[in-house]
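Participant: Below: sequence and its predicted model.
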Amino acid sequence: MDLTGFSDPYVKASLICDGRRLKKRKTSIKKNTLNPTYNEALVFDIPNENIESVSIIIAVMDYDCIGHNEVIGMCRVGSDADGPGREHWAAMLANPRKPIEHWHQLVEEKAIGTYVSKSATTSSPKLHIVVDSPHSD
């Protein structure tokens, strides 16, 4: 949080393939809040043949008009993620073009590598994500 005791959060989703960011999407910035609500869809169209080689890194960021935006916490969703990230991905693949809601525990930026570690813990709040299914029939 800022000196005011609040934050200016937004969500940045990055489509990752083989360790490289292919595309990114961002939500709007919610000013002066610690409990933002986003009724926004961040959509990535992914060809069926690439669906197993991609994942999405979701970062909750604190917007700062002076200096750098700070990472509040992150999570990973994809076939190579552990636990809830893999479950969310499977649910999205099973329900094409349908928004699928799932709670994710945010972890520190350094805990996101090729996967989200099951042992990574943080006092960060959980992030409620609604993501459209990443592929079409």
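Facilitator: Now that the structure is in, tell me what you want to look at.
Participant: Going by C-alpha atoms from here, please, whenever you check contacts or count neighbours.
Facilitator: Will do.
Participant: can you give me the strands for the protein?
Facilitator: Along the chain, the segments classed as strands by DSSP state E run 9-17, 20-26, 54-62, 70-78, 100-105, 126-131.
Participant: and the gap between the residue lying closest to residue 25 once chain neighbours are set aside and residue 58?
Facilitator: Spatial nearest neighbour of residue 25, chain neighbours left out: residue 13 (5.3 Å); criterion: CA to CA, 6 or more residues apart in numbering. To residue 58, residue 13 is 4 Å away according to CA to CA, to the nearest Å.
Participant: got it, and residue 86?
Facilitator: Separation of residue 86 from residue 58 (CA to CA): 14 Å.
Participant: between these two, who's got more neighbours?
Facilitator: Each of residue 86 and residue 58 has its neighbours counted (other CA atoms under 10 Å); residue 58 has more, 23 against 17.
Participant: these two touch, right, that one and residue 14?
Facilitator: Yes - counting by CA atoms under 8 Å, residue 58 does reach residue 14; the two are 6.5 Å apart.
Participant: circling back: report the set of residues contacting both of residue 86 and residue 58.
Facilitator: Counting by CA atoms under 8 Å, 6 or more residues apart in numbering, the residues touching both residue 86 and residue 58 are residue 77.
Participant: What about residue 62, how many residues nearby?
Facilitator: 23.
Participant: Not counting its neighbours along the chain, what's nearest it?
Facilitator: residue 9 (4.4 Å).
Participant: what sits opposite the residue most central in space within the chain in the beta ladder?
Facilitator: Nearest to the mean C-alpha position of the chain, counting by CA atoms, centre = their mean, stands residue 58 at 1.8 Å. For residue 58, the beta-bridge partners are residue 13, residue 75 (DSSP bridges).
Participant: rewinding a little: would TSV of the strands of the chain with distance to residue 46 and mean pLDDT be doable?
Facilitator: What follows is the strands of the chain, written out as TSV (distance: least, CA to CA, whole Å; pLDDT from 0 to 100):
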stretch	distance to residue 46	mean pLDDT
strand 9-17	9	95
strand 20-26	11	95
strand 54-62	9	95
strand 70-78	12	94
strand 100-105	16	90
strand 126-131	13	49
